[in-house]
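K.L.:
What shape does this take:
(4 chains)
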There are 2 protein chains.
Amino acid sequence: MSEEDELTVRQKKILDVIIKNYLETGEPVGSRTISKSSDLNLSSATIRNEMSDLEDMGYILQPHTSAGRIPSDKGYRFYVGELMNSQKDTSPPDSTSQMLVQRTDRLEKMLKQVVDVLAANTNYTSMISAPAITGVRVKFVQLSAVNEHQLLSVVVMDGNAVRNRLINIDEPLNNEDLLKLNMLLNTNLSGLTVNDINLALIKKLKSQAGEYAPIIENVLENVAGTIEQDEGRTIYTSGTTNIFKYPELSDANRASHLISTFENKEELENLVNEIETDDEGNPNGISVFIGDDIPNMPDVSVVTAKYDLGEGFKGTIGILGPKRMDYENVMKNLKSLKKQLSDIVDSSRIGAKKEPKRIEAKKDIKEKKE
Amino acid sequence: MSEEDELTVRQKKILDVIIKNYLETGEPVGSRTISKSSDLNLSSATIRNEMSDLEDMGYILQPHTSAGRIPSDKGYRFYVGELMNSQKDTSPPDSTSQMLVQRTDRLEKMLKQVVDVLAANTNYTSMISAPAITGVRVKFVQLSAVNEHQLLSVVVMDGNAVRNRLINIDEPLNNEDLLKLNMLLNTNLSGLTVNDINLALIKKLKSQAGEYAPIIENVLENVAGTIEQDEGRTIYTSGTTNIFKYPELSDANRASHLISTFENKEELENLVNEIETDDEGNPNGISVFIGDDIPNMPDVSVVTAKYDLGEGFKGTIGILGPKRMDYENVMKNLKSLKKQLSDIVDSSRIGAKKEPKRIEAKKDIKEKKE
DNA sequence: GTTAGCACTCAAATCATTAGAGTGCTAATA
DNA sequence: TATTAGCACTCTAATGATTTGAGTGCTAAC
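P.N.:
Sure, this is the predicted structure:
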């Protein structure tokens, strides 16, 4: 990929101008334009020579003989990696359009909000994968009798993920037995991860439960279900139709392909997974995938960030747009959101121990849309 | 709308041919085509005269002077109402492509499945609104201590809708008090609908709860939440990108408009609501909305059916496509699904009282996609 | 009432022409 | 030796003229 980085300062400058210009206009940029709009004070002829070299090196290309140049995927990558203004980082991300994420008591709503904010701020399509839970532990189990023929099993896991399940029973259960069962379950399951619950443990539980063994089975399925439900990882998306704002993406074929990918969560999940693999140890925890980096989607770029909510809750947040997207703004937004996300959750974690704030935060939700 | 239905038999026949032909091809149909393809044995000139009359009466129209005719909205309506082959109803709806809805224990998954089936069978876009709960009653309330600082409130409503809420408390609650609170809540709330829970009752509960009044408040919010969550009515959609299969809908503007309507559930909800109003007492419980019937969407048709799962669970299921959609197939599919839906729920209701089938049904889910 | 015949209309396809943006190359210049 | 002016050349996109053909409406004959 890097065959001797032999770009002269001037070449870098020219490449920078070409890309910046193309990001704005979406039109191929010609030598004359560069000669005039840059402070290089070079004639178009000189620029032409340099451009010819840049093209030979693969940083730019010509849509056709008599057109200007546009950045190649390699050019974009160079731009993101070296040319882009990354020291401006300190400035607040586009404060006018920036919308803060409001606190809410439901993770789901928060995620939905995050993608909405992101799509609105960037004018691209955004997505966020709900946190994958890894290694969460059982916190609390409770069986209660709803009526003579139904038990309700409630399982609370770390991070307060709650799952219910109704269990139908043939014979009513008396209160003592119910209490015993609850005791049995809590003493044996609390603090365990799903992986800890092995056959031996199940056997032990069942034998201790005696005639209630079938109920144990159901409860355990409920515990498993807590994980399972998040395994078909939910992905929230927003701003799908933003792709129509970019002519290079909005012809029927491309648009249909993109949108159906976003509609079909499984496909989207694959995309995210395939992309995630080689995303390790990069500077700000932000990864940029351009064009042929992305399977089946040579005309778009995807920028992703991982977020970590602690307690094993992790997920990916990303935005998809045309290759000529405003990488700078997008990365700023992602970085900011990433920070906000962990901040919010931190404070809510701490707050939760002091006052019942989970509830009062609810009203905030209404005000989200601008 | 009906200004003396003065269509002769021959005119009806011609109109029928025009529409059938147009449904298939999507091209304006001319007099010569009709003359040849129908069994009327009339010359094109005669057909032309009749067509001229049909146009005067508003059943068909010409895209431009030298083109054939296409059905007007009025024409479509007449077709759906009188011309369409509705006696074929008895035949099974397109048995090859028909996919049965599998039983599942989660309403949500079932609905998702239904829209998927519908979209796959029709090649149009489908949507289903999750059941709106009206007048459901509280079945069971349970508070349990998760740890010293958190209570878990679980509310089960009719139809086994369950909601949880974590309540943070300052002081640990001893077991006796917890039991008393549970007793208090269950005796007072069981069997009530949300509307029944008025200020007087709340006051009474709070005073009886003494120092635990704040907890009562939280539990009541939880009860209210059961309803509330379904008020922002979830709508599931599928096959959005099918619109790209119909050139008349797939230009950037229209497509963008349609797709964003489907992405933004609020808008979609409005659409469904506006449409629902005048949908009363029609033959099979199926309503057809064509072109200007639908606010802001003159180029599409929507066919809807209401479903009723009993116990106050009702919703709407619908499909959206080009005006030249295959109404016959669509209506057949809707009718069949409507039936399957209520059948499934009926059988699961009955089954639920006898054996724990909610659980064993789960494995079915995996097999759904073809 | 039906039909043949014909003039007329109009969209869409095809083709030729033009305009202009941009390049590459060469020769002159500093 | 690096830069630049100048010019021929290329190719797209826009414009406009022409043709084609499907389809109609009307009239007159059957």
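
K.L.:
Around chain B, pick out the residues from chain A.
P.N.:
For chain A, the residues in contact with chain B (C-beta under 8 Å from any C-beta of the partner chain) are A:139-140, A:142, A:144, A:146-147, A:149, A:152, A:154, A:156, A:160, A:162, A:164-169, A:214, A:218, A:221, A:238, A:240-241, A:244, A:250, A:252, A:255-256, A:259-260, A:263, A:352-353, A:355-359. Glycine gets a C-beta too; all of them are placed from N, C-alpha and C.

K.L.:
The same query, at a cut-off of 7 Å, please.
P.N.:
With C-beta under 7 Å from any C-beta of the partner chain as the criterion, chain A comes near chain B at residues A:139-140, A:142, A:144, A:146, A:149, A:152, A:154, A:156, A:160, A:162, A:164, A:166-168, A:218, A:221, A:240-241, A:244, A:250, A:252, A:255-256, A:259-260, A:263, A:352-353, A:355-356, A:358-359.

K.L.:
Just the buried ones from those, in PyMOL syntax?
P.N.:
Burial among these is assessed by 16 or more other C-beta atoms under 10 Å in any protein chain shown; the matching PyMOL selection reads:
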select buried, chain A and resi 139+140+142+144+146+149+152+154+156+160+162+164+166+167+168+218+240+241+244+250+252+255+256+259+260+263+352+356+358+359
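
K.L.:
Give me every residue in chain A lying close to DNA strand D.
P.N.:
A:41-43, A:45-46, A:49, A:64-67 (C-beta under 7 Å from any atom of the strand).

K.L.:
buried subset of those?
P.N.:
A:42, A:46.

K.L.:
Tell me which two of the residues of chain A next to DNA strand D sit farthest apart.
P.N.:
A:41 and A:64 (29.3 Å; C-beta to C-beta).

K.L.:
Find the centremost residue of chain A, please.
P.N.:
residue A:317 (1.7 Å; C-alpha atoms, centre = their mean).

K.L.:
residues touching that residue, list them.
P.N.:
A:114, A:128, A:304-305, A:307, A:334, A:337-338 (C-beta atoms under 7 Å, 6 or more residues apart in numbering or on different chains).

K.L.:
Could you say which of those residues is surrounded by the most neighbours?
P.N.:
residue A:128 (28 neighbours; other C-beta atoms under 10 Å in any protein chain shown).

K.L.:
coming back round to it: give me the subset of the residues of chain A next to chain B that lies in strands.
P.N.:
Residues of these located in strands (DSSP state E): A:139-140, A:142, A:144, A:146, A:152, A:154, A:156, A:162, A:164, A:166-168.

K.L.:
At the contact with DNA strand C, which residues of the stretch 51-200 of chain A appear?
P.N.:
Near DNA strand C, when you scan the stretch 51-200 of chain A using C-beta under 7 Å from any atom of the strand, you find A:51-52, A:55, A:62, A:65-69.

K.L.:
Now tabulate the ones in strands among the residues of chain A next to chain B in TSV and tack on pLDDT.
P.N.:
Converted to TSV, these look like this (pLDDT from 0 to 100):
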residue	pLDDT
A:139	84
A:140	86
A:142	85
A:144	86
A:146	83
A:152	84
A:154	84
A:156	82
A:162	75
A:164	75
A:166	77
A:167	80
A:168	79
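
K.L.:
Tabulate the residues of chain A next to DNA strand D (JSON lines), appending distance to residue B:110 and secondary structure.
P.N.:
Formatted as JSON lines, those follow (distance: C-beta to C-beta, whole Å; DSSP: H, G, I helix; E, B strand; the rest coil):
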{"residue": "A:41", "distance to residue B:110": "70", "secondary structure": "coil"}
{"residue": "A:42", "distance to residue B:110": "68", "secondary structure": "coil"}
{"residue": "A:43", "distance to residue B:110": "70", "secondary structure": "coil"}
{"residue": "A:45", "distance to residue B:110": "70", "secondary structure": "helix"}
{"residue": "A:46", "distance to residue B:110": "68", "secondary structure": "helix"}
{"residue": "A:49", "distance to residue B:110": "67", "secondary structure": "helix"}
{"residue": "A:64", "distance to residue B:110": "53", "secondary structure": "coil"}
{"residue": "A:65", "distance to residue B:110": "58", "secondary structure": "coil"}
{"residue": "A:66", "distance to residue B:110": "59", "secondary structure": "coil"}
{"residue": "A:67", "distance to residue B:110": "54", "secondary structure": "coil"}
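
K.L.:
of all the residues of chain A next to DNA strand D, which comes closest to residue B:82?
P.N.:
Among the residues of chain A next to DNA strand D, and counting by C-beta to C-beta, the member closest to residue B:82 is residue A:64, at 56.8 Å.

K.L.:
what's the spacing between that closest one and residue A:291?
P.N.:
Separation of residue A:64 from residue A:291 (C-beta to C-beta, to the nearest Å): 19 Å.

K.L.:
Quantify the burial of the residue in the stretch 151-300 of chain A that DNA strand D sits nearest to by counting its neighbouring residues.
P.N.:
Nearest residue of the stretch 151-300 of chain A to DNA strand D: residue A:247, at 11.1 Å (C-beta to the nearest atom of the strand). Applying other C-beta under 10 Å, we find 10 other residues in the vicinity of residue A:247.

K.L.:
How about residue A:295?
P.N.:
11.

K.L.:
Return the per-residue confidence for the nearest residue to it once chain neighbours are set aside.
P.N.:
Of all residues not flanking residue A:295 in the chain, residue A:274 sits nearest, at 5.6 Å (C-beta to C-beta, 6 or more residues apart in numbering or on different chains). Confidence at residue A:274, expressed as pLDDT, is 77.
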